[in-house]
Each structure stands twice: as C-alpha cells, then as structure tokens.
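> please find the sequence and the predicted model below.
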Amino acid sequence: MFATACFADPSVLERWMKTYPFLPGAVFAGLCLIVLIVVALPRIQSWHRGRNRPVLTPVQVEELLQGPGVLIVDLRSPEAFRGGHIRGSLHVPFPDLTRRFEVPDPAAKRALVLVDETDLLSHQALDLLLARGFRWIYVLKGGLKAWRSDSRPLAK
C-alpha cells in the first residue's frame, strides 16, 4: 500500500525522504552488520575457543607434516573421515578417544594435532588429554573447514 502510494505520488516519497533522511543509510548499515556477523561469527567462535591455547593454522600443520614429528588425530565420525581427511591422519572418533589414549607413552616423541570439522571437539579432546598427562598437543584452528578454505589437500 505504502509503496503503491509512493510510486503513484512522487511528493509522498520526497516528504518521506525529507522527514527521515538517515533511514536509507541506517538500513544499509544494518544489512552490512548482518552480513559481517554471518561471515565473522564462526571465526570469532574459533578464535575465542583457541585463545591462550595451543592452536596451529592449516599452513603450520602442513609444514609439520613434511617431517616425521607429528601425528594428526581425526576425531570425526567414520562417514566424515571416509569423505576426506588429512593425509596420514589417524582416525579416532571422539567417543573412542579416552579408550584409545588412556595414558601417554613416555617414549613417544611425536606431537599430536587434533582435528575435527570446526575445532569444537578438538578443544574438548585437548582438555581430556591434558588432564591425562599428555603433552605436545595442538588443535587445528578452525578444523577441517579452515583446512578446506585454505585449499589444502585431502586424502580419500
């Protein structure tokens, strides 16, 4: 009704713009804010989880994979693991983690990098393993989502 009245009589639109000159800018700013929140929210959550914690970026993990000193532990479900995983990773679904990693091996010299889809489970697993005495544990910041967005290779 309002749109029909505005387009039928240009003076209504002119009066409306004179009365509310800030409204188009406010609407544009609101839309920009919504887009910013939708785009940045996952990254903000990952940043908040990883604050003051041992996290590695996909580039750092790929550099570590060049040498023998790292073990990637994939915490996702078997279906997700079969869909694609980081080359050389060990598949340990999150529910099996406490059974597979009961106590640290004192002779083990390799660092563990925990990986899941978004890094949420990895931070939970980090707490569990640190409480059991494991050291040299890292989390892939942003999980496999970040790995894929950096165009890093996946094995099937």
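Noted; the coordinates are in hand. Residues are numbered from 1 along each chain as shown.

> please enumerate the helices of the protein.
2-8, 10-19, 23-50, 58-65, 78-83, 97-100, 120-131, 143-149 (DSSP state H).

> residue 109 is nearest to which of these?
helix 58-65 (13.3 Å; C-beta to C-beta). (C-beta placed from N, C-alpha, C; glycine too.)

> which other residues reach that closest one?
When contacts are defined by C-beta atoms under 8 Å, 6 or more residues apart in numbering, helix 58-65 is touched by residues 56, 70, 72, 86-88, 111, 113, 138, 140-142, 146-147, 150, 152.

> list the buried residues of that helix.
For helix 58-65, burial by neighbour count (16 or more other C-beta atoms under 10 Å) applies to 58, 61, 62, 64, 65.

> please apply the same query to stretch 103-113.
For stretch 103-113, by 16+ other C-beta under 10 Å, it's 111, 112, 113.

> show residues contacting that stretch.
Taking C-beta under 8 Å, 6+ apart as the rule, stretch 103-113 contacts 56, 61, 64, 68-73, 129, 132-140.

> wait, what's in contact with the residue nearest to residue 144 when sequence neighbours are not counted?
Among residues not flanking residue 144 along the chain, residue 117 sits closest, at 5.4 Å (C-beta to C-beta, 6 or more residues apart in numbering). Applying C-beta under 8 Å, 6+ apart, we find residue 117 in contact with 76, 80, 143, 144, 145.

> same check on residue 88?
Here residue 88 is in contact with 65, 72, 155 (criterion: C-beta under 8 Å, 6+ apart).

> alright, calling it a day.
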